[in-house]
Every structure is written in structure tokens, then in C-alpha cells.
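[1] Need coordinates for the below:
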Amino acid sequence: MAELYLFDGFNLLHAGPFEEVRELVDALAGFVAMRGGRGVVVFDGVGDDIERGPLEVRFAAHADTLLERLAAEHRDRERVVLVTSDSTVASAAGMNVVKLSSQTFFRDFEPPLHHESRPQGLSGKLDEETRARLERLRRGE
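    Got it, this is the predicted structure:
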């Protein structure tokens, strides 16, 4: 069964170690990609909806309403994981949705480490330009 992560953007930003939206989005895109799933992070307000690899970045006048709707639309055909500390949103998402608080998510979250030395495996065999191109593809740029 496919896995869909729904993230409450500003809720996560304020609970986590990131200082700006771009940092959070990059980390979440990597997180979702590493798990082979897809995700949607929703922020309150106005902005450009974009895709960063398997992660959609959405802006809405009422992020909570959009998160609730997305959970309801997908919970019967995908495993939905909702990450928010907003108890109203979590309870409205329904029983078939896995709910994680932002604090719990970040407690278990390990951002990818950036090493200066050449990584092992396939990426260790790639030149710097190819790795950079693959990273841009992963981010959807």
C-alpha cells in the first residue's frame, strides 16, 4: 500500500530545528524520498505551489482544512500519516489515519548527514557534477 505523508508546515517549522521554510522543505523531501513514499506539506498563507521530488509544497488560506480534506480523500486507498500537533486537525482526519505530533516526528527524525568525504555505494562512484544533477532532480529543480 502506498504511503502518503501530510505535514502541517508552520506547525513543524516552529517545533523543529529549522529556521526557514526552504530548510524544512528540503529535509522533508529527503525524508519522504528515503521512505519511498510521497508527501504534501501545507503552509498557511500565499505562496507558489511547487514540487520537490516526491514532496508537494502547498499554500492555503486555511492549511488545517486542506490537510483534513487530503487525509479524507486518501485514507481509504493509501496509508496516510498526518504530522501535526494541532489536535483539532488530527481528530478531524479520521480513524484510518496515522497521527504523529510534530515533536514525536522530530524526535525520531534524522536528517541526512552531509559528509565531505566520498560516500560509499553507487554515489561514491559518481563525479561531483553527476551527484549535483541528481540532487537537483530529487528537489524537482
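
[2] how close does the most centrally placed residue in the chain sit to residue 95?
    Note on the chain: the residue nearest the mean C-alpha position is residue 28, at 3.5 Å, using CA atoms, centre = their mean. Counting by CB to CB, to the nearest Å, the gap between residue 28 and residue 95 amounts to 25 Å. From N, CA and C alone the C-beta is placed, and that goes for glycine too.

[3] Equivalent analysis for residue 18, please.
    Counting by CB to CB - residue 18 and residue 95 are separated by 31 Å.

[4] Name the residue in these two with the higher neighbour count.
    Neighbour totals were compared for residue 18 and residue 95, and residue 18 leads with 18 against 7 (other CB atoms under 10 Å).

[5] With adjacent residues omitted, what lies nearest to that one?
    Spatial nearest neighbour of residue 18, chain neighbours left out: residue 24 (4.4 Å); criterion: CB to CB, 6 or more residues apart in numbering.
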